[in-house]
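*Asks:* Predicted model and sequence follow; I will ask about them next.
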Amino acid sequence: MKRGLLVVFSGFSGSGKGTIMKRLLEEHKDTYRLSISATTRAPREGERDGVEYFFKSIPEFEELIKNNQMLEYAQYAGNYYGTPRAYVESELDKGHDVILEIETQGALKVKELIPEALLIFVTPPSVNILYDRLKNRGTETDEVIAKRMAQAANEALVIEKYDYLIENDNLDECVKVTHEIIKNSHDLTYNRKELIDNLKNDLKEYKKGE
Ligand code: 5GP
């Protein structure tokens with residue numbers, strides 16, 4: 001069985017990445033698995049342990065790091081966030097494409113560790129639209145909006161380290177494009193090493209008659 005692809009999905013707060021992910025997972029249940037992260041931040045209203053996140057104390061989280069149980073981790077807004085390694089590995093082995101919805105520092109660490117991981121960044125078409133989306137949510141204070149915009153300015157500095165940039169203008173189109181990108185990435189030559197090795201090996205004997 002072919003091993004799945006590791007997909008890292010990042011984007012500005014307000015980019016719509018959460019909605020795109022949700023739709024992608026609903027529409028392609030047999031293909032994708034979403035990794036559930038561990039975090040030391042407090043649960044928000046309605047969040048359940050083991051569903052949105054595994055909620056941990058700081059010592060518990062540091063124990064996971066010490067025991068090499070995290071594929072990557074980062075500190076963000078004063079809290080730890082990290083990807084538990086075991087689930088990702090076992091789902092990739094089962095042939096599922098595993099999606100990590102993580103911030104940029106973690107994403108770049110994953111790329112360093114696993115160069116064939118596919119990194120996708122999602123953005124609204126412009127900064128004005130980003131600002132309006134945060135404002136129109138109506139749930140954030142002006143202070144929080146200012147923090148998110150400052151965060152976005154930092155995140156924008158590393159967009160070019162991602163493999164793909166998706167402009168979120170239209171949700172349906174974005175979900176379609178994201179799925180196509182992931183599907184096609186299975187056929188990048190560096191993801192077809194086994195087939196290439198088989199072809200080379202089976203063609204060896206024909207070389208003798210050169
Ligand atoms: P929030 O607290 O809003 O749920 O998440 C804050 C940020 O942490 C988001 O950008 C989210 O994508 C990121 N994040 C969530 N899980 C992880 C993780 O496992 N590793 C890293 N590096 N970032 C994460």
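*Replies:* Done, it's in. Numbers count the residues shown, from 1 in each chain.
*Asks:* What residues are bridge-paired with the spatially closest residue to residue 55 that is not a sequence neighbour?
*Replies:* Distance criterion C-beta to C-beta, 6 or more residues apart in numbering; nearest residue to residue 55, sequence neighbours excluded, is residue 49 at 5.0 Å. C-betas here are computed from N, CA, C, even on glycine. Beta-bridge partners for residue 49, by DSSP bridges, are residue 53.
*Asks:* So residue 49 sits against residue 43, correct?
*Replies:* Yes - between residue 49 and residue 43 a contact is recorded at 7.1 Å, counting by C-beta atoms under 8 Å.
*Asks:* Report the set of residues contacting both of these two.
*Replies:* Listed contacts common to residue 49 and residue 43 are residue 55; contacts here mean C-beta atoms under 8 Å, 6 or more residues apart in numbering.
*Asks:* how much space between the residue of the chain found nearest the ligand and residue 203?
*Replies:* Closest approach between the chain and the ligand, counting by C-beta to the nearest ligand atom: residue 106, at 2.2 Å. Using C-beta to C-beta, to the nearest Å, residue 106 is found at 41 Å from residue 203.
*Asks:* can you check residue 188 too?
*Replies:* 21 Å.
*Asks:* same thing with residue 8?
*Replies:* 35 Å.
*Asks:* Which one's more surrounded, the two?
*Replies:* Taking other C-beta atoms under 10 Å, residue 8 and residue 203 do not tie; residue 8 has more neighbours (27 against 9).
*Asks:* From residue 54, how far off is that one?
*Replies:* Applying C-beta to C-beta, the value for residue 8 to residue 54 is 19 Å.
*Asks:* cool, and residue 63?
*Replies:* Applying C-beta to C-beta to residue 63 and residue 54 gives a distance of 13 Å.
*Asks:* more neighbours, those two?
*Replies:* Using other C-beta under 10 Å as the criterion, residue 63 and residue 54 rank with residue 54 on top: 16 against 12.
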